[in-house]
Every structure is written in structure tokens, then in C-alpha cells.
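[1] Give me the fold of what follows.
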Amino acid sequence: MKTGIITTDTYLNHDTGQGHPERGDRVTVVIDHLKKIKSKNLIWKKPVKFNLKYLEYAHDKNYLNSVAKSFPKQGLNFLDGDTILSPGSKDATRDAVGSILIAIDGVMKKDFRNAFCAVRPPGHHAEKKKAMGFCVYNNVAVGAYYLLEKYNLSKVAIIDFDVHHGNGTQDIFYNNEKVLYISSHQYPYYPGSGTPSEKGVKDNVLNIPLAAGTQTHEFLNSYDNIFKKLKEFKPNFILLSAGFDAHKDDPLAQINLESKDYYTLTKRIKTLAKELCDEKVVSILEGGYNLNALKESVGFHVQSLME
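    Numbers count the residues shown, from 1 in each chain. Here you go, the predicted model:
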């Protein structure tokens, strides 16, 4: 079976301005690196237009209307201190969402076994009613609703291994027993949420806070609790909020993973997915701000998905 790589033509049109860490070459270096993998087991796809009702499952209508009016005709517009829109952001943000939907369709139709979406902007900080942390639409949350609504699945798990807590994803699913949200993240750190006491109304949230300076063995050991929770939940599908900023070289955090550790982590997740949900896994890019560390880490992640 094959692995889908979903990416967009529009990610470069999302201009965040001079010196912003969330910039277009993050995705460019990832795509260039993945294109060096000469394998018939990689299928490249692009997003298509989708029914915007899926955005309304994850986000408040007033918020969506406000975002729609915020795309500037020229220059840059700030939704918050670090979440920026340019004229090209409208297509880029929608295509980022569209990518995870195409990836899900491909896995559900068995066109490929699993998929990775190389997209920007990221999504996991976008709350139901608020943009923040570089994120406009919550890509992975829309993906989870797509699985629940279009494919009528009863249980979806989201594993978020970005170094920052996905406050937005947690906010959107805090009351939803059909979605298990799990996050490992540096704490205390931006955005300030993600304590173990935040469990979700239906005990459907698991937060694993990690101290600055956490080493590989401590990070991987912390996933024992995560896998235990997943086994109890028994999801029909696993979505990954795949941030690669827990890397030791990342400028925005202080966790000390090596690039190859993402191979190990992905392999462990895949082994469990085989047992729980017929290997149905879709991964979407979140953070990762050192270009070399990012491309290497994604390379190891995709290599593991392909095996």
C-alpha cells in the first residue's frame, strides 16, 4: 500500500511578512526533500474545492464571516500579534483545510494507506471563535468533523506532538465524546494551556506537559500513557497534528528530540493504528521552524508512514 503526500500550489501566497518564523520556505524545503524519495509508494495529490459547511462544524459562523472580511486587498492584516493575513491567504488557508479532506478521502477509499499533508498555515491554535499562534482555520479539527459527518465514524483520535499545546483543537472538542484529543507539549510555555487537569467534559482530553530540556527517552516514555488512553478509546481513525518543533535545533522551544526520533514515534503510532483502526492515519504539518531540522524530521516521519 502507498502513502499520500498532499500539498498545495497556494502555500507561498500566504505572506506573513519579513522575519516571521512561519514562512513559505518551511513547506518548500519539506516538498523538495520528499521529492528526493524515489518510490512508487508515494502518491502526490493537491486539494480541490470543498463544501465550506465543514468549516462551520469547527468554527463559529461569526468568526468565519469576520475572517472572510479580513483578507486584505493589499498589504498585511493582523488577526492578532502574530497571525497575519495577506491577499493570498484566502486560497492558502482554504487549501490547507482542503488538503486534509483529500487525504482522508484517499485513505477511506483505499487509494493509499495513510497520508501526510505538507501545508501552511498551521491550524492547532485556532479556536472555535479565535485566530491565534499563526493559525486561522483549525485544519485538523475540520478533518475530524469531516470523518464524523461525511463518513459517519463514531470515534476519532487526534494526537498532537507539536511542541506547543493545541489549545484550539482542545477548545473545539472539549465537550465532544466522539473525539479524543491528546497533546504532548512543553509546559509552561506558549499558549499557556495544556495542564493534566484539563481532561475534557467527557474525559476525552489527555495532556502530557513536558519540561524544557526533556530528552528523547523521557519524551518517548511519556507516550506510554498516550497509547494506554488510545487503547481504551479505540478510535476508528487517527489524525496527527504533526509539529516538528520539539527538535533540539528549533528556535521556538526547548525540547531535545533528534530528527530520527520522529521515525521512532511514528512507527509506534502506526503499530497501534494497525491494532486499533486498520492503520487509518492522516498527518498534517503544524510547527517546525528550523528548516534543516524540519525537512529531516518530516523525511523520517514519512519514511515510517511508507513502511
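[2] And Tyr63, how far from Leu42?
    Going from Tyr63 to Leu42 by CB to CB, to the nearest Å gives 36 Å. C-beta coordinates here come from the backbone N, C-alpha and C atoms, glycine included.
[3] repeat for Phe112
    Separation of Phe112 from Leu42 (CB to CB) stands at 9 Å.
[4] the more surrounded of the two?
    Between Phe112 and Leu42, counted using other CB atoms under 10 Å, Phe112 has the larger neighbour count: 22 against 18.
[5] The more buried one against Ile102, yeah?
    No. With contact defined as CB atoms under 8 Å, Phe112 does not reach Ile102; the gap is 10.8 Å.
[6] what sits in contact with each of those two?
    Overlap of the contact sets of Phe112 and Ile102 (by CB atoms under 8 Å, 6 or more residues apart in numbering) consists of Gly4.
[7] those strands in the stretch 51-200 of the chain, which residues are they?
    In the stretch 51-200 of the chain, the strands defined using DSSP state E, counting those that start in this stretch lie at 77-80, 83-85, 114-118, 156-160, 179-186.
[8] Would you pull up how far the shortest one lies from the middle of the chain?
    The gap between the average C-alpha position of strand 83-85 and the chain average comes to 18 Å, counting by CA atoms, centre = their mean, to the nearest Å.
[9] again with the longest one
    Here strand 179-186 shows a centroid-to-chain-centroid distance of 11 Å under the convention CA atoms, centre = their mean.
[10] repeat for stretch 226-245
    Centre-to-centre, stretch 226-245 and its host chain are 12 Å apart (CA atoms, centre = their mean).
[11] ditto for stretch 43-52
    Relative to its parent chain, stretch 43-52 has a centroid offset of 16 Å by CA atoms, centre = their mean.
[12] quick check: longest helix of this protein.
    Using DSSP state H to define each element, the chain has its longest helix at helix 89-108.
[13] what helices or strands is it leaning on?
    Helices and strands touching helix 89-108, by 3 or more CB pairs under 8 Å, 6 or more residues apart in numbering; DSSP states H and E, are strand 3-7, strand 42-45, helix 53-58, strand 114-118, helix 139-149, strand 237-242, strand 281-285.
[14] Mind listing what's buried along stretch 153-168?
    153, 155-168 (16 or more other CB atoms under 10 Å).
[15] Give me the common contacts of Phe112 and Leu42.
    Contact criterion CB under 8 Å, 6+ apart; residues shared by Phe112 and Leu42: 2-4.
[16] For ChimeraX, what selects the buried ones among those?
    Of the shared contacts of Phe112 and Leu42, the buried ones go into a single ChimeraX selection, burial set by 16+ other CB under 10 Å:
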select :2,3,4
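[17] could you measure the residue nearest the centre of the chain against Leu101, distance?
    Compute the mean C-alpha point of the chain, and by CA atoms, centre = their mean the closest residue is Ser241, 2.7 Å away. Applying CB to CB, the value for Ser241 to Leu101 is 16 Å.
[18] ok, the closest residue to Lys234 other than its chain neighbours - contacts?
    Closest residue to Lys234 apart from its sequence neighbours, by CB to CB, 6 or more residues apart in numbering: Leu276 at 5.9 Å. Leu276 makes contact with 230-231, 234-235, 238, according to CB under 8 Å, 6+ apart.
[19] same check, this time on Asn256
    Asn256 neighbours (CB under 8 Å, 6+ apart): 213-216, 248.
[20] about what we covered before: now the helices and strands packed on helix 89-108 as TSV including mean pLDDT?
    Compiled in TSV, the helices and strands packed on helix 89-108 are given as follows (pLDDT from 0 to 100):
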stretch	mean pLDDT
strand 3-7	98
strand 42-45	98
helix 53-58	98
strand 114-118	98
helix 139-149	98
strand 237-242	99
strand 281-285	99
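[21] before we move on, the earlier item: most neighbours among the contacts of Asn256, please name it.
    With neighbours taken as other CB under 10 Å, the top of the contacts of Asn256 is Thr214, carrying 20 neighbours.
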